[in-house]
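Trainee: Fold the following and give me the result.
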Amino acid sequence: MVNSKRGQIWVETVLYTLIAFILISLVLSIARPKIEEIRDNAILEQTAETMRGFDNLIRSPEFLDAGNKREIELGLKKGYLKIDGINNQLAFEMECGSEFSEPGQDVADGNLILHTRQVGEVYHVNMTIDYDSAYDFTINGENETKQLGASSIPYTIFITNKGGSDKTVIDFEIN
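Mentor: Numbering: from 1, shown residues only. Next up, the predicted model:
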C-alpha cells in the first residue's frame, strides 16, 4: 500500500510538471511575437531618429564650411544602413513582423521617406534621405556605396565637408 502511494505521488508530480511546461510554452508562443514586434518597432524608431540626426548634422549651418569634420558612433542591432555615394542617399532597410508605415506608400517625415512593403508574412521597411540635388557623397574619397550591417560593436563614422563648387562633397570614413 505504501509503495502505490509513492508511485501515485511521482505520477502526479510528473503530470503537474508537464502541465506547467505546456502552459509556459503556450504563453511564450503567444507573447514572443508581440515582444519581437515591440522590439522591432523600437529599433525602427531609434533608427529613424538616428537618420534625422545624420540629416540635421549634414544640413546644419555649423557644418557648411569646408573642412568641418564630425564623428558619429552608430550601433546597428538589426537591418543595414547603406551610404550610397552613387545616388547620394542614406538608406536603412530592415525586415520585421509588423508594418511600420502604410504598406506600399511612401510616407514623408521631414526629409526622411518611409516605405513599407509586405512580402508574404514579412514586412520590409526602408528609410531613405535623398541628397542628390545638393550634396555629393563619397566614401573614403570614392564615389561608391557602402553597406553597414548589424553588429554588436558600434561603427565609428567620420563625416567631413570637403567643399565643392557645384555640389558640396560630403566624405564618409567608416571604422
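Trainee: State the mean pLDDT of stretch 65-84.
Mentor: Stretch 65-84 shows a mean pLDDT of 92.
Trainee: what does it contact?
Mentor: Residues from elsewhere that reach stretch 65-84 (Cβ atoms under 8 Å, 6 or more residues apart in numbering): 40, 43, 47, 50, 53-54, 57, 62-63, 89-95, 125, 137, 139, 145-151, 154-164, 168, 172, 174. Glycine gets a C-beta too; all of them are placed from N, C-alpha and C.
Trainee: let's see it at 7 Å
Mentor: Stretch 65-84 has contacts (Cβ atoms under 7 Å, 6 or more residues apart in numbering) with 43, 50, 57, 63, 90-94, 137, 139, 145-151, 154-163, 172.
Trainee: and if you look at stretch 149-168?
Mentor: 57-58, 63, 65-80, 134-136, 148, 169-175.
Trainee: Mark which of those are buried, thanks.
Mentor: 58, 63, 68, 74, 76, 79, 135-136, 148, 169-172 (16 or more other Cβ atoms under 10 Å).
Trainee: need the residues you listed in JSON lines with distance to Gly7, can you?
Mentor: Putting the buried ones among the contacts of stretch 149-168 into JSON lines (distance: Cβ to Cβ, whole Å) gives the following:
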{"residue": "Ile58", "distance to Gly7": "75"}
{"residue": "Phe63", "distance to Gly7": "78"}
{"residue": "Asn68", "distance to Gly7": "80"}
{"residue": "Leu74", "distance to Gly7": "62"}
{"residue": "Leu76", "distance to Gly7": "57"}
{"residue": "Gly79", "distance to Gly7": "55"}
{"residue": "Tyr135", "distance to Gly7": "79"}
{"residue": "Asp136", "distance to Gly7": "81"}
{"residue": "Leu148", "distance to Gly7": "61"}
{"residue": "Val169", "distance to Gly7": "82"}
{"residue": "Ile170", "distance to Gly7": "77"}
{"residue": "Asp171", "distance to Gly7": "77"}
{"residue": "Phe172", "distance to Gly7": "71"}
